[in-house]
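> Build me a model from this:
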Amino acid sequence: MTKVAVLYGGKSAEREVSLSSGRECIAALRKAGFDVAPIEVTEDLSAVIQALTSNRPEVVFNALHGRFGEDGCIQGVLDWLGIPYTHSGVRASSLAMDKVAAKAVFRAAGLPVVEHRLVTRDELEAADPLPLPYVVKPVNEGSSVGVHIMLKGSNRRAEIARDWQYGDHAMAEEYVPGRELTVGVMGDRALAVTDIIADAGTFYDYESKYAAGGSRHVVPAVMPKDDYDRALDIALRAHQALGCRGASRADLRFDEGAEGNRRIVLLEVNTQPGLTPTSLLPEQAAHVGIPFPELCAWMVREARHGA
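Sure, this is the predicted structure:
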């Protein structure tokens, strides 16, 4: 019986999400027949290393989200220890988490991205960095933490700048109207396109993602076949461009616009997709006939260490 240690919790703004993902994965892996050792991660890295070395697992299931869990940090520790782990390695994880670096990779691969500017808090407080409407977001957070949509007539920019808690810079990028889409990828296969309809707010924010009833997911998305296939292709190519392994999830916007002028824009790739009861990747896997325990088992089988 394969011994699997599940890392969950962590010290990022997404700790609660990770705790939820971890609990689901622990139960699913046990159901799939693995010998599971839960390791709740706190700020004490030495305790994590001690837990991994004193009772060394064959595989680490990385259920951490956010900084230190999906930005290459814990991946580097596991590489040092020589323990195979789920999801992407150091390079792909760090690239995907840094939205500026990821956009450079996507643009070089010919993938559709929107224009952006990197601004300091003072610059954001002083003036609009882009024509309204635009989006302000942290460079290296996930789960829509710290994301704000600046609409025409909004007077919140200076307040947002003064209260900014996500580093010295913020990313401002063009707001793309239309529908929120997401595509899960498993290895070399794009699973499905989900149309996300946020009920709790004007966009798919943290509350919409994780609160019960916060959003509705339409899978498969109802859209022209050419556009559906294009969304699948963009997600798979983004996964490959970053050098991801295991599972990832691409977030996109679908601007239907005028007839003949539709566009799909790639926003970002999540190398540690949520695995909570309301998460999108498990829902897409189930749609193509992969139950949650099998999804988790597949991740374990795909575990590696190194780049």
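> ok, residue 298 touching residue 281?
No. The criterion here is CB atoms under 8 Å, and residue 298 misses it with residue 281 at 11.5 Å. Bear in mind the C-beta positions are built from the backbone N, C-alpha and C, glycine included.
> Those two - which one has more neighbours?
Using other CB atoms under 10 Å, the more surrounded residue of residue 298 and residue 281 is residue 281, with 24 against 17.
> Could you give the separation of the helix or strand hosting the more buried one from the chain centroid?
In this assignment (DSSP states H and E), residue 281 forms part of helix 280-287. Relative to its chain's centre, helix 280-287 lies at 15 Å (CA atoms, centre = their mean, to the nearest Å).
> residues in contact with that helix?
The contact list for helix 280-287 (CB atoms under 8 Å, 6 or more residues apart in numbering) reads 182-184, 186, 191-192, 194, 196, 217, 219-220, 247, 249, 273-275, 291-292, 294-295.
> Now restrict these to buried residues only.
Neighbour counting by 16 or more other CB atoms under 10 Å classes 182-184, 186, 191-192, 194, 196, 217, 219, 247, 249, 273-275, 292, 295 among the contacts of helix 280-287 as buried.
> can I see the domain layout of this protein?
Following automatic domain parsing, one finds the domains of the chain at 3-87, 96-112+177-290, 116-174.
> And those: which comes nearest residue 303?
The closest of the domains of the chain to residue 303 is domain 3-87. By CB to CB, the value is 4.1 Å.
> ok, back up a step: same list (the domains of the chain) but as TSV, adding distance to residue 302 and mean pLDDT.
Shown next, in TSV, are the domains of the chain (distance: least, CB to CB, whole Å; pLDDT from 0 to 100):
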stretch	distance to residue 302	mean pLDDT
domain 3-87	7	96
domain 96-112+177-290	5	89
domain 116-174	21	88
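> To residue 304, which of those lies closest?
Closest approach to residue 304 among the domains of the chain is made by domain 3-87 (5.5 Å; CB to CB).
> From one end of that closest one to the other, what's the distance?
Start-to-end span of domain 3-87 (CA to CA, to the nearest Å) is 17 Å.
> where's it relative to the chain centroid, distance-wise?
The gap between where domain 3-87 is centred and where its chain is centred comes out at 17 Å by CA atoms, centre = their mean.
> which SS class is the nearest residue to residue 249 once chain neighbours are set aside?
Sequence neighbours aside, residue 273 is the residue nearest to residue 249 in space, at 4.0 Å (criterion: CB to CB, 6 or more residues apart in numbering). Here residue 273 is recorded as coil under DSSP: H, G, I helix; E, B strand; the rest coil.
> mind checking pLDDT for residue 1?
pLDDT, residue 1: 80.
> My understanding was that it contacts residue 36; is that so?
No. Counting by CB under 8 Å, residue 36 is not a contact partner of residue 1; they are 9.8 Å apart.
> out of those two, which sits in the more crowded spot?
The neighbour comparison of residue 1 against residue 36 (other CB under 10 Å) goes to residue 36, with 22 against 8.
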